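>>> Next input, structure requested:
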Amino acid sequence: MQPGNQGQDPYGQQPPYGGQPPYGQQPPQAPPPQYGEQPPQYGQPQYSEQPGLYPSAPGYPPAPGYPASGYGAPAGQPSNTQGLVAMILGIISLVLVCAIITWIIGLPLGVAAAVLGYLGKKKAEQGLATNRGQAMAGLICGSIATGLGVLFLILAIASIGNIPGN
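Here you go, the predicted model:
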């Protein structure tokens, strides 16, 4: 090669505009997808005049205010953890408060169940969760357990002065 021809093809052929093969020749085939990879989808539009309806062009972030998953679908699964935990804690707190010896343990569990039930209900109202019934069960059971626990606490404090022998 000569010093002036550093960036040129040594055989004198220039690639056509856009790197396309000459007329009549097939473009090189893409390698087959590896195990677990999705093959490329052909025939689907890659962009649209209305953002959020189709995925953004490869290499570009999604338009602000639209979901990253494309096609206008929600980005993830509903988050039902708060409602489920609220219901479980509410049931456990009711059992513990109703048992005379363990009511002191049931009181804070009832408060936790009521708070988580309230938060889970708010999530369900916003459409972020699908278990409004579980959240309501946790809120109701937790509130009842908290009320009973506070009542037993008041009775326990009032009965301290009434112990015989004092």
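>>> burial count for residue 89?
Around residue 89 there are 25 other residues, counting by other Cβ atoms under 10 Å. Just so you know, the C-beta spots here come from the backbone N, C-alpha and C atoms, and that holds for glycine as well.
>>> what's near enough to touch it?
Contact analysis of residue 89 by Cβ atoms under 8 Å, 6 or more residues apart in numbering lists 109-110, 112-113, 116, 138, 142.
>>> and the residues you listed as TSV, adding neighbour count and distance to residue 155?
Shown next, in TSV, are the contacts of residue 89 (neighbours: other Cβ atoms under 10 Å; distance: Cβ to Cβ, whole Å):
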residue	neighbour count	distance to residue 155
109	25	19
110	29	16
112	19	22
113	31	22
116	24	27
138	33	26
142	29	20
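>>> residues touching residue 99, list them.
Taking Cβ under 8 Å, 6+ apart, we find residue 99 in contact with residue 106.
>>> Now do the helices in this structure.
Along the chain, counting by DSSP state H, helices occupy 81-98, 103-126, 132-160.
>>> Reformat the ones you listed as a markdown table; add mean pLDDT.
Formatted as a markdown table, the helices of the chain follow (pLDDT from 0 to 100):
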| stretch | mean pLDDT |
| --- | --- |
| helix 81-98 | 94 |
| helix 103-126 | 94 |
| helix 132-160 | 93 |
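>>> between the contacts of residue 89, which is closest to residue 97?
Lowest distance from residue 97 to the contacts of residue 89 (Cβ to Cβ) belongs to residue 110, with 6.4 Å.
>>> Near the closest residue in space to that closest one that isn't next to it in sequence, how many other residues are there?
For residue 110, ignoring the flanking residues on the chain, the nearest one in space by Cβ to Cβ, 6 or more residues apart in numbering is residue 145 at 3.1 Å. By other Cβ under 10 Å, the residues close to residue 145 number 30.
>>> residues in contact with residue 145?
By Cβ under 8 Å, 6+ apart, the contact set of residue 145 is 90, 93-94, 96-97, 106-107, 109-110, 113.
>>> how close does it sit to residue 158?
Residue 145 sits 20 Å away from residue 158, going by Cβ to Cβ, to the nearest Å.
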